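J.: After the sequence you'll find the predicted model.
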Amino acid sequence: MSNKYRRDFPLLQNTMNGKPLVYLDNGATTQKPQLVIKAMEDYYRNSNANPHRGAYDLSVRATEIYENTRERVQKFLNAKKSCEIIFTKNATESLNLIAYSYGMEHIAAGDEIVITISEHHSNLVPWQQVAHAKGAVLKYIYLDKEDTINDEEIETKITDKTKIVAVTQVSNVLGIVNPIDKIIKKAHSVGAVAVIDGAQSVPHMKVDVQMLDADFLVFSGHKMLSPMGIGVLYGKEAILNEMKPFLCGGDMIDYVEEQHTDFAPLPAKFEAGTQNVGGAAGLRAAIDYIESVGFDEIERIEKELISYAVPKLQAMPFIELYGCKDITKKTGVITFNVKDIHPHDVASILDVDGIAIRAGHHCAQPLMQYLGVNATCRASFYFYNTKEDVDNFIDSLNHVRGVLGYGS
Amino acid sequence: MDLSGVYTELIAEHSKSTRNKKHLEQANVTLKGRNPSCGDEITLELKVKDGIIEDASFTGVGCAISQASTSIMIDLIRGETVEKAQKLIDTFLGMIKREITDDDALEILDEAVALKNISNMPARVKCAVLSWHTLESALHDDK
């Protein structure tokens, strides 16, 4: 399968340990296309200044780049207003902002916070902190036999005591797409707010915050072709307006007196200190690029790749696959183990063949405990991967056991 | 990078061996060691009397390198004094950090020298040193 997008990514042209680089760790971070790298370079060469502050042309240009990206993200997520888009460092910071500025203020003793067992630590530990601090209960939605979330689990776990429901749209370990529309509806029916972790979904599928009716939705730029250090928090205007700031400092105030501060309106209220304008320039270019490829095409390529890879892995008797078999419910993520071989050894052996996969607990230790495994291997695809990548990956997997002295 | 220099027969054998991987009935020092970044976890069990490590064993889960390193370490420290064990720890960590490269100085490490090439795989160094750091903490707690 020739892939016309691959050539847009300079890093993918490199070899690794003398072999073509096979990059299958897109769930952790993606590579950057030339035009994103160029957008950042252009910013630093021609437009760098502190936004919102200087009364000179360069600062005005930096401000425009930053604010244009906000409008670009607003359209990308179909948010009602651009002030509902807050820039952060990444999804983790966005989730912490919600947990501290909303959670700590609205959760009381005996209230319930509902999350799923497949949350990344970034959408788990902050809520655990809120629950501990407030004497609230942290409840988990578990997976059924097909590793999916069923209606009964949603109906029974979200109750009149539930004040916050925080769920990932796509599991970073299993790649399974969760029924967040049902979860959001149920959350709203009991008066709870719905927080959606879009870190693993926004890069791979069309996400419309108004259609979903999400109260909050977060994602990281670096998992969708952008530089590291720029992320997004979407929140409904009315909710963001009544929240307290998370970080305080420059650029988030209207007026400061010795003993009192009036905070700036949205979005500045949540953006203290000098922001990552270079990152915003990169994020805008990345969104333009992703939309030029189109989500239909991205989903088609990812489905084609896992439809090609999964049967090959199923035919290998020493491979155990985790997560549902139904690829229509999955993004391009394959989680597996090699019999008798620890995932870290698998990753090191594949690395010698130029293949990058993730091994470990994937920042989802409670899910690992629930699945009854210590760690797994994860191959996660993006639209620049090819069938040759899959072939190289399978070939390399075939000799992993031999390296450690096991027969096939 | 040459895999055969890391996944040697000795490492493969020790990683599968259950000789040292068991509970120790009379253990009087037990300590858990963890690599939070990868989830590897071992529990070291020692029977220490009058400054001598009379017996040692371990349980836990981890990759071939962490399991083999632990098993080899236990072979080395069994029957030795706490002082000798500390010397072994210092020498092993020195070897991995490439601070000790002299073959004569490394001789006391015996089979553990097989892990020398791990320093060529920076991502896996933490696997090799987990048990040695755990042992060091265990011996200090005991004092």
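T.: All right, it came through fine.
J.: Show me which residues of chain B sit near chain A.
T.: B:1, B:3, B:6-7, B:9, B:12-13, B:15-16, B:37-41, B:61-65, B:67, B:121, B:123-124, B:127 (CB under 8 Å from any CB of the partner chain). The C-beta positions use only the backbone N, C-alpha and C, and glycine is treated the same way.
J.: which of these count as buried?
T.: B:3, B:6-7, B:12, B:15-16, B:38-41, B:62-65, B:67, B:121, B:124, B:127 (16 or more other CB atoms under 10 Å in any protein chain shown).
J.: Now intersect the residues you listed with the helices, please.
T.: Among these, the members falling in helices (DSSP state H) are B:12, B:15-16, B:64-65, B:67, B:127.
J.: which residues of the stretch 1-150 of chain A score low on pLDDT?
T.: The model of the stretch 1-150 of chain A has pLDDT under 70 over residues A:1-2.
J.: Could you list the residues of it in contact with chain B?
T.: Near chain B, when you scan the stretch 1-150 of chain A using CB under 8 Å from any CB, you find A:Asn17.
J.: ok now do the residue in the stretch 1-150 of chain A that chain B sits nearest to, which residues does it touch?
T.: The minimum distance from the stretch 1-150 of chain A to chain B, using CB to the nearest CB, falls at A:Asn17 (6.2 Å). A:Asn17 sits next to A:351-354, B:1 when contact means CB atoms under 8 Å, 6 or more residues apart in numbering or on different chains.
J.: Do you know the pLDDT at B:Met1?
T.: Looking at B:Met1, its pLDDT stands at 59.
J.: Is A:Ser201 in contact with A:Val333, as I believe?
T.: No - using CB atoms under 8 Å, A:Ser201 is not in contact with A:Val333, being 11.4 Å away.
J.: quick one: common contacting residues for those two?
T.: With CB under 8 Å, 6+ apart as the test, A:Ser201 and A:Val333 both reach A:Val170.
J.: Neighbour count for these two, which is higher?
T.: The neighbour comparison of A:Ser201 against A:Val333 (other CB atoms under 10 Å in any protein chain shown) goes to A:Val333, with 26 against 22.
J.: Quick check: the gap between B:Asp141 and A:Ala187.
T.: 48 Å (CB to CB, to the nearest Å).
J.: Who has more neighbours out of the two?
T.: A:Ala187 (26 against 10).
J.: ok, and the closest non-adjacent residue to residue 137?
T.: As the question left the chain open, I've gone with chain A. The shortest distance from A:Val137 to any non-neighbouring residue, by CB to CB, 6 or more residues apart in numbering or on different chains, is to A:Glu112 (4.7 Å).
J.: wrong one, I was asking about chain B
T.: Take B:Ser137 and drop its neighbours on the chain: the residue closest to it by CB to CB, 6+ apart is B:Leu31, 5.9 Å away.
J.: now do A:Pro33
T.: Sequence neighbours aside, A:Asp8 is the residue nearest to A:Pro33 in space, at 4.3 Å (criterion: CB to CB, 6+ apart).
J.: for A:Gly135, same thing?
T.: Using CB to CB, 6+ apart and skipping the chain neighbours, the partner closest in space to A:Gly135 is A:Ala109 (3.7 Å).
J.: A:Ala136 is in contact with that neighbour, correct?
T.: Yes - A:Ala109 is within contact range of A:Ala136, at 6.7 Å (criterion: CB under 8 Å).
J.: Could you count how many residues lie near the residue nearest to A:Pro33?
T.: By the criterion of other CB under 10 Å, A:Asp8 has 18 neighbours.
J.: and it, what is it in contact with?
T.: Going by CB under 8 Å, 6+ apart, A:Asp8 touches A:33-35, A:289, A:384.
J.: Which of those ranks first by neighbour count?
T.: With neighbours taken as other CB under 10 Å, the top of the contacts of A:Asp8 is A:Pro33, carrying 25 neighbours.
J.: From A:Val195, how far out is that one?
T.: With CB to CB as the criterion, A:Pro33 and A:Val195 are 30 Å apart.
J.: how about A:Arg118, what does it touch?
T.: One thing to correct before we go on: residue A:118 is Ser, not Arg. A:Ser118 makes contacts with A:143, A:168, A:171, A:173-174, A:176, A:178, A:364, A:367, as judged by CB under 8 Å, 6+ apart.
J.: Among these, which one has the most neighbours?
T.: Within the contacts of A:Ser118, A:Ser171 tops the neighbour count with 32 neighbours, counted by other CB under 10 Å.
J.: I figured it was touching A:Asp197, is that so?
T.: No - if you go by CB under 8 Å, A:Ser171 and A:Asp197 don't touch, sitting 9.8 Å apart.
J.: Can you get me a residue count around residue 137?
T.: You didn't say which chain, so I picked chain A. 15.
J.: Can you look at chain B instead?
T.: B:Ser137 has 13 neighbours, counted by other CB under 10 Å.
J.: Now do the SS call for it.
T.: State at B:Ser137, reduced to three classes by DSSP: H, G, I helix; E, B strand; the rest coil: helix.
J.: So it versus B:Leu46, what's the distance?
T.: Noted for B:Ser137: a distance of 11 Å to B:Leu46, by CB to CB.
J.: contacting residues for the residue minimising distance to the centre of chain A?
T.: Nearest residue to the geometric centre of chain A (CA atoms, centre = their mean): A:Ala199, 1.3 Å. Taking CB under 8 Å, 6+ apart, we find A:Ala199 in contact with A:91, A:120, A:122, A:168, A:172, A:218-220, A:223.
J.: mind listing what the residue nearest to it when sequence neighbours are not counted touches?
T.: Leaving aside its sequence neighbours, A:Ala199 sits nearest to A:Ala91 (CB to CB, 6+ apart; 4.2 Å). A:Ala91 sits next to A:122, A:197-199, A:218-220, A:231 when contact means CB under 8 Å, 6+ apart.
J.: again, only using 7 Å
T.: By CB atoms under 7 Å, 6 or more residues apart in numbering or on different chains, the residues touching A:Ala91 are A:122, A:197, A:199, A:218-220, A:231.
J.: With A:Ile98 instead?
T.: Applying CB under 7 Å, 6+ apart to A:Ile98 gives the contacts A:195, A:216.
J.: can you check the one 4 residues further on too?
T.: Going by CB under 7 Å, 6+ apart, A:Tyr102 touches A:Met243.
J.: Flag every residue of the stretch 301-408 of chain A that's near chain B.
T.: A:342, A:344-345, A:348-349, A:352, A:360-361, A:365, A:374-375, A:403-405 (CB under 7 Å from any CB of the partner chain).
J.: all strands in the stretch 201-350 of chain A, in order from the N-terminus.
T.: Counting by DSSP state E, counting those that start in this stretch, one finds strands in the stretch 201-350 of chain A at the ranges A:216-220, A:231-235, A:253-256, A:261-263, A:319-322, A:333-338.
J.: Make a markdown table out of those and add distance to A:Glu302 and mean pLDDT.
T.: Output for the strands of the stretch 201-350 of chain A, formatted as a markdown table (distance: least, CB to CB, whole Å; pLDDT from 0 to 100):
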| stretch | distance to A:Glu302 | mean pLDDT |
| --- | --- | --- |
| strand A:216-220 | 17 | 98 |
| strand A:231-235 | 22 | 98 |
| strand A:253-256 | 44 | 92 |
| strand A:261-263 | 42 | 94 |
| strand A:319-322 | 17 | 96 |
| strand A:333-338 | 9 | 96 |
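J.: which one of these has the most crowded surroundings?
T.: strand A:216-220 (a mean of 28; mean count of other CB atoms under 10 Å in any protein chain shown).
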